[in-house]
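Undergrad: Here is my input, please return the structure:
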Amino acid sequence: MKKTASRQADVAKAAGVSQSTVSMVMNGTADLGRISAGTQRRVMDAARRLQYAPAGQRRAVARATPHLLGVHTFEPIFPTSSRDYYFEFLRGIEEQAAAEGCNLVLFTAAPDESGVRRIFADDTNGLRQAAGSLLLGHHADREDLARLAYEGYPFVYVGHREVPGASISYVGGDYRTATGEIVDDLVALGHRTFAYLGEQSRDEPQEDRWTGFAGALERFALPVPEPVFSAPSGLTTGWLDQALAAGTTAILVESVNLLRVLAAMLNLRGLSVPGDLSVVLLVDDETEVGSLPWATLRVPRNAMGRRAVRLLTSLLTEPNGDYERQILLPCEHTLEGTVGPSPR
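TA: Next up is the predicted model:
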């Protein structure tokens, strides 16, 4: 007897969720519905056990061969443990590629003099063996992105990136809104004077965070501080002393490396967190800094990877379709650990 194919309802029952939840998880849009990472994992596990084939995978079966999707990184990012920052991006890509019935291939290249792995070498597109590619990395080469767009090669950047003169497809986190919501919560706790520590290298994700921060303060008619965009080695206790003298009660920090320096300076000055000062890290990196569980903005890394695959397969199967090609997913945050009421 021919085995009956598993249905969406079967996956929903096995995972203990609704069919709409299964649909959103399998389509890579679960974070838009605020579906927790644990629930998403439960749905994916149930789908694997039941060998459930969603619509995307059924389309792939109908093709002569599955799409071969490339994964290119502009700098070394592949994780050595599940705690690495890029682990969930890559796991999300792998999960959604399996759901879509696609194969994956990793592309790498020797770095140029600036340390960036270029896509075009000897005037040749190094990704051409794949039907389309997913691109990752902090330091993208804008010329490569512009050329890919000009040549019509299908690709999706995992992260918010803009290229002058070209419209590229991307899936990123809505850091602007999330940072604004963090400021809202801090103001509700009585904080009125803030400081901001940002990375020296400025790309769209960093600028989105700063814009969300400054915009929220302007909404409350609170003073917007002069930001410090610095390498960790450029920070001094003199900056901290000036911030404290100005009445600062909360500091937002863009990176773990900057947080390490700030934590050391606070310890040197004998200041407690959050007793004397509240601190929020604007990225959820599991790297340990001291003994505190730091208040953080949570990046939807797994969902970004999965949604990027979904978008790429849409570009390949429906290149002229009516759907969003520049997507920012909502981010959550927690203020537990290093945020408290304003001490002033």
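Undergrad: Can you report how many residues lie near Thr177?
TA: Neighbour count for Thr177, taken as other Cβ atoms under 10 Å: 16. Backbone N, C-alpha and C define where each C-beta goes, glycine included.
Undergrad: Next: Pro223.
TA: Pro223: 13 neighbours (other Cβ under 10 Å).
Undergrad: same thing with Gly238?
TA: For Gly238, the count of nearby residues is 9 (other Cβ under 10 Å).
Undergrad: Point me to the helix or strand that includes it.
TA: Gly238 belongs to helix 237-245 when elements are defined using DSSP states H and E.
Undergrad: ok, and for that helix, which residues are buried?
TA: Trp239, Leu240, Ala243, Leu244 (16 or more other Cβ atoms under 10 Å).
Undergrad: Most widely separated two among those residues?
TA: By the measure Cβ to Cβ, Trp239 and Leu244 form the most distant pair in the buried residues of helix 237-245, at 9.9 Å.
Undergrad: who are the neighbours in contact with the closest residue to Glu204 other than its chain neighbours?
TA: By the measure of Cβ to Cβ, 6 or more residues apart in numbering, the closest residue to Glu204 outside its immediate chain neighbours is His160, 4.2 Å from it. By Cβ atoms under 8 Å, 6 or more residues apart in numbering, His160 lies in contact with Tyr170, Gly172, Gly173, Tyr175, Glu204, Pro205, Asp208, Leu328.
Undergrad: would you list every one of the helices in the stretch 151-300 of the chain?
TA: 175-188, 204-219, 237-245, 256-268 (DSSP state H, counting those that start in this stretch).
Undergrad: For the residue lying closest to Val187 once chain neighbours are set aside, grab the count of nearby residues.
TA: Leaving out its chain neighbours, the residue that sits closest to Val187 by Cβ to Cβ, 6+ apart is Phe220, at 5.6 Å. By the measure other Cβ under 10 Å, the count of residues near Phe220 is 11.
Undergrad: Could you pull out the strands in the stretch 201-344 of the chain for me?
TA: Per DSSP state E, counting those that start in this stretch, the stretch 201-344 of the chain carries strands over the ranges 228-230, 250-253, 278-281, 295-298, 326-329, 332-334.
Undergrad: so what strands line up beside the second one?
TA: Applying DSSP bridges, strand 250-253 is found paired with strand 194-199 (parallel), strand 278-281 (parallel).
Undergrad: Mind putting those into a markdown table with mean neighbour count, mean pLDDT and distance to Ser36?
TA: Listed next are the strands paired with strand 250-253 as a markdown table, based on neighbours: other Cβ atoms under 10 Å; pLDDT from 0 to 100; distance: least, Cβ to Cβ, whole Å:
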| stretch | mean neighbour count | mean pLDDT | distance to Ser36 |
| --- | --- | --- | --- |
| strand 194-199 | 24 | 97 | 29 |
| strand 278-281 | 24 | 96 | 21 |
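Undergrad: Which pLDDT value belongs to Asp322?
TA: pLDDT recorded at Asp322 is 91.
Undergrad: hmm, I was thinking of Asp141
TA: The score at Asp141 is 82. That number is its pLDDT.
Undergrad: tell me the domain boundaries of this structure?
TA: Domain segmentation of the chain under automatic domain parsing yields 8-172+300-326, 175-299.
Undergrad: closest one to Pro341 among these?
TA: domain 175-299 (4.9 Å).
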